[in-house]
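**Q** Next comes the sequence, and after it the predicted model I'd like to discuss.
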Amino acid sequence: MRIGVITFPGSLDDRDAQRAVRAAGAEAVALWHGEHDLNGVDALVLPGGFSYGDYLRCGAIASLSPIMSEVVDAANKGMPVLGICNGFQMLAEARLLPGGLIRNDHGAFIRRDQKLRVESTDTAWTNGFTQGQEIVIPLKNGEGEYVASVETIERLEGEGLVAFRYLEVNPNGSLNDIAGVRNERGNVVGLMPHPEHATEPGFGPDTHAAMRSGVDGLTFFTSAIAALAAAA
């Protein structure tokens, strides 16, 4: 399987996402925001960072990059697309996912290993989890507060479109403790925490077994591979 990782001006975690793809057993394909060619990839990752310096709104300028027309078209045709942090912001700005992300309610940048509950397992990126599973994924953002209209929140909750929810602490003031959402089809998922930083022993969050041994993030990428294999 070939999973593309798009680099935008200001991307920080594109190399980490590529490494996570390889750790899961797929081929990582580097893609550039200024191109119109997805190079025949089977899935896409929009990584974290500060695209275009987070000017205007986080992800707003990047959502208009040349390659995003291909991303939107591919997503609408069913290609698995994962947006991580800044990538989640891009997907919201491109209207591939509902709602939006604004400045953290406490006004400060936050970095922590965050406990999440998996709320939806019937997506291309979460099928390897179990419903209600608790996982720990690193979080780092300054503008991660998820907001949406009352009607949108009711629809997300009623239709099971909340993908992940913060547990124990809400780090940024997100409505209903929402950490990530999905589209109706289940091929597009966005979340603020960074699964690519929890894919290799020795480099992830601490666990009861050992320091930095957490690899809960790897399941995102192996799930995508399994979904692609099932659809082949």
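**A** Structure's in. What do you need?
**Q** mind listing the strands for the protein?
**A** Assigned by DSSP state E, the chain shows strands spanning 2-7, 27-32, 43-46, 81-84, 100-102, 110-118, 134-141, 145-147, 162-166, 178-182, 188-191.
**Q** Same list (the ones you listed) but as CSV, adding mean pLDDT.
**A** As requested, those are exported to CSV (pLDDT from 0 to 100):
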stretch, mean pLDDT
strand 2-7, 98
strand 27-32, 98
strand 43-46, 98
strand 81-84, 98
strand 100-102, 96
strand 110-118, 97
strand 134-141, 97
strand 145-147, 98
strand 162-166, 98
strand 178-182, 98
strand 188-191, 98
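**Q** Can you lay out these as CSV showing mean neighbour count and distance to Ser69?
**A** Bear in mind the C-beta positions are built from the backbone N, C-alpha and C, glycine included. As requested, those are exported to CSV (neighbours: other Cβ atoms under 10 Å; distance: least, Cβ to Cβ, whole Å):
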stretch, mean neighbour count, distance to Ser69
strand 2-7, 24, 12
strand 27-32, 17, 13
strand 43-46, 29, 13
strand 81-84, 30, 13
strand 100-102, 20, 21
strand 110-118, 18, 31
strand 134-141, 21, 26
strand 145-147, 22, 25
strand 162-166, 23, 25
strand 178-182, 27, 22
strand 188-191, 28, 15
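**Q** need those strands in TSV with distance to Gly202, can you?
**A** Formatted as TSV, these follow (distance: least, Cβ to Cβ, whole Å):
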stretch	distance to Gly202
strand 2-7	22
strand 27-32	20
strand 43-46	22
strand 81-84	21
strand 100-102	31
strand 110-118	15
strand 134-141	14
strand 145-147	31
strand 162-166	24
strand 178-182	25
strand 188-191	23
